[in-house]
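Visitor: Got a predicted structure plus its sequence, pasted below:
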Amino acid sequence: MRTPLIEMRNIHKQFGGVVALDDVSVTLHRGEVVGLLGHNGAGKSTLIKILSGAYEADGGEILVDGAPVTIRSPRDARANGIETIYQTLALADNLDAVANVFLGREIVTSLGRLNDAAMEHATSDVLAKLKVVDLKSVRAPVSSLSGGQRQSIAIARAIHFQAQILIMDEPCAALGPQETAMVANVIQELKRQGLGIFLISHDLHDVFALADRLTVMKGGRVVGDCHTADVTQDDVLAMIITGRPPA
Amino acid sequence: MTDLSSPKAPADHLSAQELADHKARVMNDKKKDLIQKFAALASLLLLIVVFSATSDAFFSVSNGMTIGLQVTSIAYLGIAATCVIITGGIDLSVGSVLALSGVVAALAVKAGVPIPLGMLAGILVGGFCGFLNGVCVTQLKLPPFIATLGMMLVARGVALQITGARAVSGLGEAFGELGNGALFRVVRIGSDGFPDVIFPGIPYPVIIMVVLALGVSIMLSRTTLGRHIYAVGSNTEAARLSGVNVNRVTLFTYVLSGTCAGLTGCVLMSRLVTAQPNEGVMYELDAIASAVIGGTSLIGGVGSISGTVIGAFVIGILRNGLNMNGVSAFTQQIIIGLVILLTVWIDQLRNRR
């Protein structure tokens, strides 16, 4: 069997007395989209925040390409090629597209000054690669952009920095139908390039269209793991609600 | 669950409509920003014109120098306050911290420490106060308003305590050099034996203001640190998730604010050649007002040094011009209060999108 791109083994996390994750194990392969499903509070977001470095696990281990890694901060996650695109569109509104793509990893000249020309060039390049062409200006504050354009900038951030593993938390929740289709195209393209993608969504329709495999969580545990082709939406819905695999 | 298979045509129509709305909104935003940028400068020019017309003495070299000197202290504090406010914080302690720094410098000099070292000690005390503010905000997670309110009382109390609430005087002429001296000043002893100032020169406080304004402005617009300051104020969570060390950036702005307050204290006390433990009361409000008049948003994420310097001049010229016209100190307070209300209201309008 191939070595998974990501393997999270026996992850445990609790907040005070509340157990958020109880012995959770998930895997993700290259070129695969895994949909993480479950109700609010099922533990999807907590699991993903551990992988992206926003939380630290209380127990368990994370392996990238078969090698154990320590992830204590978003920086650690990034160093391992893990990038996250958040539901809340985590962009700094008053900054422009260029500043957002490079936030926390700015290109500086030898004198320590920001090299805006280089960053602007790279931003335009990566947005062109994502076929985002209707952007008025990469130098306008992102608060003036549409939801789809903002999502594109978040994705551009990840792509530019050679992400291997992409975590997308409700990538289409704030988007209209056309923009959702645009994001779906981008996901297909990223799959072709061999990235592994965790997709978190409440929207079964979205997930069935995009994911190769589904992992269902309930009450902080994994209750089901199946290939999208083998199940129907009703099976999965039943799994989410009852927490039992389909008969 | 959203249904993605909704009919295509209405969606197309909607997004075209949305696009038009969006374009209109962008235009509107640009217009608003432009208005804000020029409103401060225009009101500054208007003030100069009005005061020049109403008072003969207003538009003169010597009064220009006076204004320049008066504005410097507001500007030092305002420049640092801008950085703090851009991160979404506030520093209410600068007026007290400048008093503490000034008396520490004076007491050190009195005790025999060389003047530059004494003043450096004062500035370091200011920086340390700022550091404590920053620690309270980033580590103890206190709201900036409360953390710096506490420091405001503590620093003032310490300044009064160590001086016994008395002014520290008899510091010697050299102590006044920083506040009263000037670069390129040409003085000739006249035939009557009195010194004749041929060229007033550029006062040191003004030089410091220019250097500070340029330095901080470059830091904000051209360095990683500056960009992170805007990012923290714009969306703290996004900045943190992007790997920005939010605590360090925030801490830096408070240390900068405290250090600038220390500098202000030294310059002010030097100008008076006396250290007053009750100097600088309410200066923090002038600093915040100058930043806000200059377009810094109290919500965070927006602001510029050029705006703040204009704001500092608006306040300085307003005070000076009202004085020149014999307006009473009470009426001045009322007018400046109204100006602040007006500018914050403009700020609100700008952010109501």
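Guide: It's in. Numbers count the residues shown, from 1 in each chain, chains lettered A, B, ... in the order given.
Visitor: in the longest helix belonging to chain A, what's buried?
Guide: Longest helix in chain A by number of residues (criterion: DSSP state H): helix A:177-192. By neighbour count with 16 or more other Cβ atoms under 10 Å in any protein chain shown, helix A:177-192 contains the buried residues A:P177, A:E179, A:T180, A:A181, A:M182, A:V183, A:A184, A:V186, A:I187, A:L190, A:K191. To be clear about C-beta, it is placed using only N, CA and C from the backbone, and glycine gets the same treatment.
Visitor: before we move on, what about stretch B:42-59?
Guide: Of the residues in stretch B:42-59, those buried (16+ other Cβ under 10 Å) are B:S43, B:L44, B:L47, B:I48, B:F51, B:S55, B:F58.
Visitor: Stretch A:5-20 too?
Guide: In stretch A:5-20, counting by 16+ other Cβ under 10 Å, buried: A:L5, A:I6, A:E7, A:M8, A:I11, A:H12, A:K13, A:V19, A:A20.
Visitor: what's the answer for stretch A:220-237, then?
Guide: Of the residues in stretch A:220-237, those buried (16+ other Cβ under 10 Å) are A:G220, A:R221, A:V222, A:V223, A:G224, A:C226, A:T228, A:V231, A:D235, A:V236.
Visitor: Looking at those, which is nearest chain B?
Guide: A:V236 (12.2 Å; Cβ to the nearest Cβ).
Visitor: other SSEs contacting the host helix or strand of that closest one?
Guide: Using DSSP states H and E, A:V236 maps to helix A:233-242. Helices and strands touching helix A:233-242, by 3 or more Cβ pairs under 8 Å, 6 or more residues apart in numbering or on different chains; DSSP states H and E, are strand A:33-37, helix A:204-210, strand A:213-218, strand A:221-227.
Visitor: ok, which residues in chain A are in contact with chain B?
Guide: A:52, A:54, A:73-75, A:78, A:84, A:86, A:88, A:90-95, A:99, A:103-106, A:108, A:112-114, A:136, A:140, A:143-144, A:146, A:176-178, A:180, A:202-206, A:209 (Cβ under 8 Å from any Cβ of the partner chain).
Visitor: For the residue minimising distance to the centre of chain A, give me its contacts.
Guide: For chain A, A:I167 is the residue whose C-alpha lies nearest the centre (Cα atoms, centre = their mean; 1.4 Å). Taking Cβ atoms under 8 Å, 6 or more residues apart in numbering or on different chains, we find A:I167 in contact with A:I48, A:L51, A:S52, A:I82, A:E83, A:T84, A:I85, A:I197, A:F198, A:I200.
Visitor: on that earlier part again, would you turn the buried residues of stretch B:42-59 into JSON lines with secondary structure, distance to chain A and pLDDT?
Guide: Shown next, in JSON lines, are those (DSSP: H, G, I helix; E, B strand; the rest coil; distance: Cβ to the nearest Cβ, whole Å; pLDDT from 0 to 100):
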{"residue": "B:S43", "secondary structure": "helix", "distance to chain A": "24", "pLDDT": "82"}
{"residue": "B:L44", "secondary structure": "helix", "distance to chain A": "25", "pLDDT": "86"}
{"residue": "B:L47", "secondary structure": "helix", "distance to chain A": "29", "pLDDT": "88"}
{"residue": "B:I48", "secondary structure": "helix", "distance to chain A": "31", "pLDDT": "90"}
{"residue": "B:F51", "secondary structure": "helix", "distance to chain A": "35", "pLDDT": "91"}
{"residue": "B:S55", "secondary structure": "coil", "distance to chain A": "41", "pLDDT": "86"}
{"residue": "B:F58", "secondary structure": "coil", "distance to chain A": "38", "pLDDT": "87"}
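Visitor: can you list those in a markdown table and add distance to B:I146?
Guide: A markdown table is the format used below for the buried residues of stretch B:42-59 (distance: Cβ to Cβ, whole Å):
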| residue | distance to B:I146 |
| --- | --- |
| B:S43 | 33 |
| B:L44 | 34 |
| B:L47 | 35 |
| B:I48 | 39 |
| B:F51 | 39 |
| B:S55 | 43 |
| B:F58 | 41 |
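Visitor: Next one, pLDDT for the residue nearest to the centre of chain A please.
Guide: pLDDT recorded at A:I167 is 90.
Visitor: Also A:A99?
Guide: 91.
Visitor: and the helix or strand harbouring it, what does it pack onto?
Guide: In this assignment (DSSP H and E), A:A99 forms part of helix A:97-101. Counting contacts by 3+ Cβ pairs under 8 Å, 6+ apart, helix A:97-101 packs against helix A:116-129, helix A:147-160, helix B:224-234.
Visitor: Wait, A:V69 touches A:I62, no?
Guide: Yes - the pair A:V69 / A:I62 is scored as a contact, 5.6 Å apart, by Cβ atoms under 8 Å.
Visitor: Can you report how many residues neighbour the nearest residue to B:F131 once chain neighbours are set aside?
Guide: Among residues not flanking B:F131 along the chain, B:V255 sits closest, at 5.1 Å (Cβ to Cβ, 6 or more residues apart in numbering or on different chains). If you count neighbours by other Cβ atoms under 10 Å in any protein chain shown, B:V255 ends up with 21.
Visitor: How about the contacts made by B:V255?
Guide: For B:V255, the contacting residues are B:G127, B:G130, B:F131, B:G134, by Cβ under 8 Å, 6+ apart.
Visitor: which among those residues gets closest to B:H228?
Guide: The shortest gap between B:H228 and any of the contacts of B:V255 belongs to B:G134, at 14.7 Å (Cβ to Cβ).
Visitor: can you pull the pLDDT of the most far-flung residue of chain A relative to its centre?
Guide: Relative to the centre of chain A, the most outlying C-alpha is that of A:L111, 34.8 Å out, by Cα atoms, centre = their mean. pLDDT, A:L111: 80.
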